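Visitor: structural data only, the sequence is not supplied:
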């Protein structure tokens, strides 16, 4: 074609791209212009000519970019359709344009350089594999043409490396050849990049402080950044020998750039990549790794994270801090692995500086950055050699104090109450995401503290004591105050509710480990008793702080083994709160009262022997609480207190005492269970449905029906707790002297009696009726009636997202007691029917193993069970039948031991 036609095509293309980029263009205009450009790239024979004309540096950027796109499309998709002569012409012209067609310094747009790089990569992939050595020499020649050309060469090499990394998992024959081509010249490639890095770094150092040459300095900086990015890409897959050869000159080059604000991010990324590669292929000698712990690298790698934390927070700076932290963690992980493989390797002489730097990152305001160090601390503290290193041992108190501060629940993205909030907004999209992370974060810290306690339990408890004393004694001055002040916390901040909660959690972890890891003679008894007395004497009206105090008292309670006269004071402290908070209306007060009940339960569960001398006082007080209507105890709270009593009653060594106390405690429950009201409710299915409020679908369920359901669950759970805790004793002397033995079998085995036998047997009549009534609910007419009321979802269905099994009856009671605004009427009914069905069969499954002959000797036992538990089995849904099979058959039938009783098992199996 003539030059006029070529010029016309170029002008048309330039006009088209301007229409595409013009915001004032209409959609049809933009679509037509885009279609013209795409058709030209795909079919026109003038692609080379027009493309080369459009990329001239005198043209606007968008026009030049279009020209580069045309040439790239030709090299990528139409290379095989053009003659060899045109291929050589295009390659030579592109190389010439790179050499002379770029604007100087910072004037050239990045998109233009990327366009040239993409074209050259496509040409190399199509033609350069055969003549790669010559092509590489040409690229090396371009380095001497100037900074823009050097940057462009780095971009070309970077794109080649990225292509290889992408095709690594699914290579074709051609792609494998390309990879081998780059591997074969890896030494030259890395030398080229390293030479550019060294040369332009030297020039940059000279120009950066001279105001006259700031433009040239920035140009050099761009070349260095491009070289570092290219280096990082090759380090991801290059053979390890190219990373560690030359006495770690490459590493030295990289860490020397980490102090420059403009280059530190890219240099850190490159060094991190190298460290990760060495970790994947580390040698047992550890020489490449230990080189990073030398004095020459210390000022660059082991810098103070606190200094970085004080700078203005930007995305780039924060990302650099993450990379720096990952680099330190990678070094620590490698060190542990090298020392595991080779016991002759000693910790580096500046290991202490490394630990200080790692601790700085642990103490940062950013929770995410701090979390990156948790696995490394865990690895260090578990390591056989490093955990006993003097540097590690001397750092324990500081680490513990930093951990105590990190446990504070602060930093929610929606708030501005703490420096952590600003970091959290960069890491988390919502408070929910942050809270989920915080839960994992605190769990990880607990794991580290558990390991620390095995290293030096006394030091850990000493730190925890100081932290707790700082809260309990306002005038105290300790290391805790100094450490917290270094994090910007005042004394008032330290005694805020989040700080109280963190200290409580911290003390709870360490105290729990104290009694596991130390012998009785090594436990710091005086310190523990002093803390317990301080907690008992501390007075406040703040419900959240008071809640923390009660948790601390419960945590420190094991120390009363050494001073039992404190037991009444502890019990009095919890019981006072229960009596004071008669009808708590605020959630915080409700939680406080529940915590008091739970604490009593936990103390009785873990320290029943200590409670025994004071059990009479506790029993009378609890009995009074259960009967005091003014307190308006929920069924869950009643159940918690009763379980605590059962646990201690179990420790009594006298049959008559246990029986009398059980009957006295369970009298109100038995009275309600045998009442005419419940007999009428259990008599038939329709009456039962009406009694529990399932006969009407209403959003606002009546309080009367809610109370009916909770009372039934309370009675059933009370029976089950009796069966769970009150068993025949095992120790023979106790059996003989406590009145538990009533005779012997023909084989000489003792026959024992259970103190709860008479009590439980009185509950069975109504229990059998209730089970039969529940099975009859699944009769077709009742199911249809419920569907007519509720539609597709029925109260008999399994609640969405709930498990079939409900073994945690405190949770069951809490579910029933929840206020109406938290759950719909239908959800409450589903939870009730499911929990009640499971509870009834748990009782039926456990009553035999618990009462033994007292239960099996009942007349017509088999018929009674068959007439209740096995009624209408063909109508009961599968998820309910699982309860029958897994609980009744597993627990009940397999407990038949004597030959006559095996008839029961056969009868059940026949069903």
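Guide: Yep, that arrived. In this text, all values refer to a predicted model and were calculated from it rather than measured experimentally. Numbers count the residues shown, from 1 in each chain.
Visitor: all strands for the stretch 651-800 of the chain, in order.
Guide: Ranges of strands in the stretch 651-800 of the chain, per DSSP state E, counting those that start in this stretch, are 741-744, 750-752.
Visitor: each with direction, which strands does the first one pair with?
Guide: Taking DSSP bridges as the criterion, strand 741-744 sits next to strand 750-752 (antiparallel) in its sheet.
Visitor: avg pLDDT for the partner strand?
Guide: Averaging pLDDT along strand 750-752 yields 79.
Visitor: which residues sit against it?
Guide: 728, 729, 732, 735, 740, 741, 742, 743, 744, 745, 852, 853 (C-beta atoms under 8 Å, 6 or more residues apart in numbering). Every residue, glycine included, has its C-beta placed from N, CA and C.
Visitor: restricted to buried residues, select the residues you listed in ChimeraX.
Guide: Per 16 or more other C-beta atoms under 10 Å, the buried members of those correspond to this ChimeraX selection:
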select :728,729,735,740,741,852,853
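Visitor: starting at the chain centroid, how far to stretch 746-761?
Guide: Stretch 746-761 has its average C-alpha position 49 Å from the chain's average C-alpha position, going by C-alpha atoms, centre = their mean, to the nearest Å.
Visitor: list the buried ones in it?
Guide: 752, 753, 754, 755, 756, 757, 759, 760.
Visitor: which two from those end up farthest apart in space?
Guide: Farthest pair in the buried residues of stretch 746-761 (C-beta to C-beta) is 752 and 759. Separation: 16.3 Å.
Visitor: please point out which parts of stretch 54-62 sit buried.
Guide: In stretch 54-62, counting by 16+ other C-beta under 10 Å, buried: 54, 55, 59, 62.
Visitor: state the distance from the second one to residue 143.
Guide: Going from residue 55 to residue 143 by C-beta to C-beta, to the nearest Å gives 21 Å.
Visitor: could you list the low-confidence segments of the stretch 251-400 of the chain?
Guide: Within the stretch 251-400 of the chain, the ranges that satisfy pLDDT under 70 run 279-289, 303-311.
Visitor: that older thread, out of the buried residues of stretch 54-62, which are inside helices?
Guide: Secondary structure from DSSP state H places 54, 62 of the buried residues of stretch 54-62 in helices.
Visitor: and of the buried residues of stretch 54-62, the nearest to residue 345?
Guide: Distance to residue 345 across the buried residues of stretch 54-62 (C-beta to C-beta) is lowest for residue 55, with 56.7 Å.
Visitor: count the neighbours of the spatially closest residue to the closest one that is not a sequence neighbour for me.
Guide: Nearest residue to residue 55 in three dimensions, chain neighbours excluded: residue 67, at 3.9 Å (C-beta to C-beta, 6 or more residues apart in numbering). Residue 67 has 26 neighbouring residues, counting by other C-beta atoms under 10 Å.
Visitor: number the chain from 824, please
Guide: All right, first residue 824 from here; so that's residue 890.
Visitor: what sits against residue 890?
Guide: 873, 874, 875, 876, 877, 878, 882.
Visitor: now these as JSON lines including pLDDT?
Guide: Shown next, in JSON lines, are the contacts of residue 890 (pLDDT from 0 to 100):
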{"residue": "873", "pLDDT": "93"}
{"residue": "874", "pLDDT": "93"}
{"residue": "875", "pLDDT": "93"}
{"residue": "876", "pLDDT": "93"}
{"residue": "877", "pLDDT": "93"}
{"residue": "878", "pLDDT": "93"}
{"residue": "882", "pLDDT": "91"}
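Visitor: quick one: which of those residues is nearest to residue 945?
Guide: residue 874 (13.0 Å).
Visitor: in the stretch 1124-1273 of the chain, which spans are helices?
Guide: 1128-1132, 1138-1164, 1174-1185, 1190-1195, 1197-1205, 1213-1229, 1242-1250, 1254-1278 (DSSP state H, counting those that start in this stretch).
Visitor: which residues does the third one contact?
Guide: In other words, helix 1174-1185. Contacts of helix 1174-1185 (C-beta under 8 Å, 6+ apart): 1116, 1121, 1124-1129, 1147-1148, 1151-1152, 1154-1155, 1171, 1192-1193, 1195-1196, 1199-1200, 1212, 1214-1215, 1217-1218, 1221-1222, 1225-1226, 1229.
Visitor: straight-line length of stretch 1272-1283, end to end?
Guide: 8 Å (C-alpha to C-alpha, to the nearest Å).
Visitor: could you give the average pLDDT over it?
Guide: Stretch 1272-1283 comes out at a mean pLDDT of 95.
Visitor: may I see the buried residues of it?
Guide: 1272, 1273, 1274, 1275, 1276, 1278, 1279, 1280, 1282, 1283.
Visitor: can I get those residues in TSV with distance to residue 826?
Guide: Converted to TSV, the buried residues of stretch 1272-1283 look like this (distance: C-beta to C-beta, whole Å):
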residue	distance to residue 826
1272	80
1273	82
1274	79
1275	81
1276	85
1278	83
1279	87
1280	90
1282	87
1283	86
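Visitor: which two from those residues end up farthest apart in space?
Guide: Pairwise distances across the buried residues of stretch 1272-1283 (C-beta to C-beta) peak at 14.5 Å, for the pair 1273 and 1282.
Visitor: sorry, back to before: please identify which of the helices of the stretch 1124-1273 of the chain is closest to residue 1544.
Guide: helix 1254-1278 (30.2 Å).
Visitor: what's the spacing between that closest one and its chain's center?
Guide: 8 Å.
Visitor: with stretch 1502-1510 instead?
Guide: In this view, stretch 1502-1510 has its centroid 48 Å away from the chain centroid, taken as C-alpha atoms, centre = their mean.
Visitor: what about it, how long is it end to end?
Guide: Length of stretch 1502-1510, first residue to last, C-alpha to C-alpha: 10 Å.
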